[in-house]
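Enquirer: One predicted model, sequence on top.
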Amino acid sequence: MTKAEKQAEKIREISGTDPYRCMKCGKCSASCPSFDEMDIKPHQFVSYVLNENIEALAESASLWKCLSCFACVERCPRDVKPGKLIDAARQLVVREKGGNYLKADEIPELLDEELPQQLLVSAFRRYRR
């Protein structure tokens, strides 16, 4: 199993979702409040995981632009939950950097000043454990 295959499997495991259910309808991206800020849109995250293009996801600014509002999760007619895939990809990146959690003072380095505070609070809740 290649590194990309292992990473894709880990993302599916962490997220608890089945990206193979995606029918590429785009409802997740249409409901995303960060759509204009993302280089990889929510529906594209699903394809990247399916195609095991995890390196591109890890390097994408979109990984940190997602607000974790889960509007995409609510809108998905197939229960794919792209927001959970994005969250799992974030966790994978953090874990590969050598830790299973972030400290509060590390989070601002990952964000830019124009992002909503909701993202900061969401990231802290997820990665402080």
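Expert: Received, thanks.
Enquirer: low-confidence ranges in this protein?
Expert: Counting by pLDDT under 70, the ranges of the chain that qualify are 99-104, 106-108, 110-113, 115-129.
Enquirer: what packs against the top helix by length along it?
Expert: Longest helix in the chain by number of residues (criterion: DSSP state H): helix 82-96. Judged by 3 or more Cβ pairs under 8 Å, 6 or more residues apart in numbering; DSSP states H and E, the packing partners of helix 82-96 are helix 3-15, helix 42-50, helix 54-59, helix 62-65, helix 71-75, helix 117-127. C-beta: built from backbone N, CA, C; applies to glycine.
Enquirer: got the contact list for the spatially most central residue of the chain?
Expert: Closest to where the C-alpha atoms of the chain average out (Cα atoms, centre = their mean) is residue 86, at 1.2 Å. Shown in contact with residue 86 (Cβ atoms under 8 Å, 6 or more residues apart in numbering): 42, 45, 62-63, 66, 68.
Enquirer: next one: residue 78
Expert: Counted by Cβ under 8 Å, 6+ apart, residue 78 has contacts 21-23, 25.
Enquirer: related to what we said a few turns ago, and the angle for the longest helix of the chain with helix 3-15?
Expert: Here helix 82-96 runs at an angle of 120 degrees relative to helix 3-15 (axes from the mean of the first three to the mean of the last three Cα atoms, to 10 degrees).
Enquirer: What residues of helix 82-96 count as buried?
Expert: 82-94 (16 or more other Cβ atoms under 10 Å).
Enquirer: Output it as PDB - backbone C-alpha positions only.
Expert: Extracted as PDB, the C-alpha positions of helix 82-96 are listed here (Å, rounded to 0.1, in the frame of the first residue of the first chain):
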ATOM      1  CA  PRO A  82     -17.500  16.600   2.800                       C
ATOM      2  CA  GLY A  83     -16.900  18.800   5.900                       C
ATOM      3  CA  LYS A  84     -16.000  15.700   7.900                       C
ATOM      4  CA  LEU A  85     -13.500  14.700   5.200                       C
ATOM      5  CA  ILE A  86     -12.000  18.200   5.300                       C
ATOM      6  CA  ASP A  87     -11.700  18.000   9.100                       C
ATOM      7  CA  ALA A  88     -10.200  14.500   8.800                       C
ATOM      8  CA  ALA A  89      -7.600  15.800   6.300                       C
ATOM      9  CA  ARG A  90      -6.700  18.600   8.800                       C
ATOM     10  CA  GLN A  91      -6.200  16.100  11.500                       C
ATOM     11  CA  LEU A  92      -4.000  14.000   9.200                       C
ATOM     12  CA  VAL A  93      -1.800  17.000   8.400                       C
ATOM     13  CA  VAL A  94      -1.400  17.800  12.100                       C
ATOM     14  CA  ARG A  95      -0.600  14.200  13.000                       C
ATOM     15  CA  GLU A  96       2.000  13.900  10.300                       C
END
